[in-house]
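K.L.:
Sequence and predicted structure below; questions after.
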Amino acid sequence: MRILITGAAGFLGSHLCDHLLNDGHEVIGMDNFITGSPDNIAHLAGNEKFSFYRRDVSNYIFVPGTVDAILHFASPASPNPLSKSGYFNLPIQTMKAGALGTHNCLGLARAQNARFLIASTSEIYGDPLVHPQTEDYAGNVDPVGTRAVYDEAKRFAESLTMAYHRFHNVNTSIVRIFNTYGPRMDLEDGRALPNLLKQALLGQPLTVYGDGAQTRSFCFVDDLVNGIVKLLYSEEHFPVNIGNPIEMTILQFAEAINKITGNKAGITYVDARSARDPQRRQPDITRAHDLLNWEPKVDLEEGIRRTIPFFKQKLGTT
Ligand code: UDP
């Protein structure tokens, strides 16, 4: 297939490029680098099956030749208000990438008769009242809350995707991505794993927000990408959760990072990020298991060990 990936220079986009090139496809990457990095795709320069366009998907997109599949992964994604690359500081771009960007990609998919896959998110469940989250749970999102620019953009993107499927018969799919970590995360984006692993490798105390009792379920990037690619190759149109169902508190997560890295500096408790920090998050992956025969394989310790070399290289501590 000839596959367009938007957000190709991002954390997930770049891993998808690698995986799909390895599967023998031709990949066209697109990114405007507002949160992605050229470093993430530098190793693909010279690969004759890879081409790259520096574009903002919020504007009309054009790709010469045919396209068989489009994966729309372009969006800021970090919820940390302190991060320059987080969606708090890129609110309009975030809404445009989810709304106009999705519209442009769907238009291209329709014109090219291509399979379309939208990167959605566990954030569409908001601060969930149903636990674990199944795909039929409609969510608990405040449209004017502090996370709304991301949550509502992704909810709109899902609605638009289903409209193109139902009205124009476009071959669409929706992946709801839960917390994911691994090499090529932006060390400065303020999310839990980059913050805590960076602190641990520098011998600093780990900043746990609030009392650390809020939970997340962390998936290693290779597992996540395997699931997304299985969804791409399937015929499924309705949303599928992809994530690791092993739930832990943020305090347990921080303690695990200190243990694995041998960091003796402990934990420091800082103010809770916001009242809207979701308190519990865990994917129900029954649909992914039944439809795609997928489940994660990499446990937290192995995943963190596989992430450390990248962080050390970026920190210059190797
Ligand atoms: N968190 C933390 N310390 C940090 C960064 C994040 O305790 O230095 C917490 C944060 O409050 C949230 C969880 O870790 O409860 C996951 O945050 P992240 O930014 O990774 O993404 P989210 O899951 O909220 O989208």
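P.N.:
Structure's in. What do you need?
K.L.:
contacting residues for the most far-flung residue of the chain relative to its centre?
P.N.:
Farthest-out residue of the chain from its mean C-alpha position, per Cα atoms, centre = their mean: residue 264, at 30.7 Å. With contact set as Cβ atoms under 8 Å, 6 or more residues apart in numbering, residue 264 has these partners: 203, 258. The C-beta positions use only the backbone N, C-alpha and C, and glycine is treated the same way.
K.L.:
helix, strand or coil for it?
P.N.:
Judged by DSSP: H, G, I helix; E, B strand; the rest coil, the three-state class of residue 264 is coil.
K.L.:
From here on, call the first residue 29.
P.N.:
Right, with 29 as the first residue, what we last looked at is residue 292.
K.L.:
Quick check: phi and psi at it.
P.N.:
Reported as degrees, to the nearest 10, the phi and psi values for residue 292 are phi -100, psi 0.
K.L.:
For residue 270, which non-adjacent residue is closest in space?
P.N.:
What sits nearest to residue 270 in space, not counting adjacent residues and going by Cβ to Cβ, 6 or more residues apart in numbering, is residue 255, at 3.9 Å.
K.L.:
follow-up on the earlier one: distance check, the residue farthest from the centre of the chain against residue 323.
P.N.:
35 Å (Cβ to Cβ, to the nearest Å).
K.L.:
List the residue ranges of the stretch 179-328 of the chain that fall below the pLDDT cut-off.
P.N.:
For the stretch 179-328 of the chain, the stretches flagged by pLDDT under 70 are 303.
K.L.:
For the stretch 229-346 of the chain, just list every one of the helices.
P.N.:
Secondary structure of the stretch 229-346 of the chain (DSSP state H, counting those that start in this stretch): helices located at 249-261, 278-289, 314-320, 328-343.
K.L.:
Highest mean neighbour count out of these?
P.N.:
With neighbours defined as mean count of other Cβ atoms under 10 Å, the helices of the stretch 229-346 of the chain peak in mean count at helix 249-261, which reaches a mean of 21.
K.L.:
who are the neighbours of it, in terms of helices and strands?
P.N.:
For helix 249-261, the packing partners by 3 or more Cβ pairs under 8 Å, 6 or more residues apart in numbering; DSSP states H and E come out as helix 39-50, strand 97-100, strand 143-149, strand 200-205, strand 208-209, strand 268-270, helix 314-320.
K.L.:
Next, see if it gets close to the ligand.
P.N.:
No. Helix 249-261 lies apart from the ligand when judged by Cβ under 6 Å from any ligand atom; the minimum separation is 13.8 Å.
K.L.:
Pull that helix out as CSV, backbone CA atoms only.
P.N.:
Taking Å, rounded to 0.1, in the frame of the first residue of the first chain, the C-alpha atoms of helix 249-261 are listed here in CSV:
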residue,chain,number,x,y,z
VAL,A,249,4.8,1.9,22.2
ASP,A,250,5.6,-1.3,20.2
ASP,A,251,2.5,-3.0,21.6
LEU,A,252,0.4,0.0,20.8
VAL,A,253,1.7,0.2,17.2
ASN,A,254,1.1,-3.5,16.7
GLY,A,255,-2.6,-3.0,17.7
ILE,A,256,-3.0,0.1,15.5
VAL,A,257,-1.6,-1.7,12.5
LYS,A,258,-3.9,-4.7,13.1
LEU,A,259,-6.8,-2.3,13.1
LEU,A,260,-5.7,-0.7,9.9
TYR,A,261,-5.6,-4.1,8.2
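K.L.:
Tell me the gap between it and the middle of its chain.
P.N.:
Centroid displacement of helix 249-261 relative to its chain, using Cα atoms, centre = their mean, to the nearest Å, is 12 Å.
K.L.:
tilt between that helix and strand 143-149?
P.N.:
Here helix 249-261 points in a direction 140 degrees away from that of strand 143-149 (axes from the mean of the first three to the mean of the last three Cα atoms, to 10 degrees).
K.L.:
List of residues touching helix 249-261?
P.N.:
Outside helix 249-261, the residues touching it (Cβ under 8 Å, 6+ apart) are 39-40, 43-44, 47-48, 51, 97, 99, 143, 145, 201, 203, 205, 208-212, 268, 270-272, 316, 320-322, 324-326.
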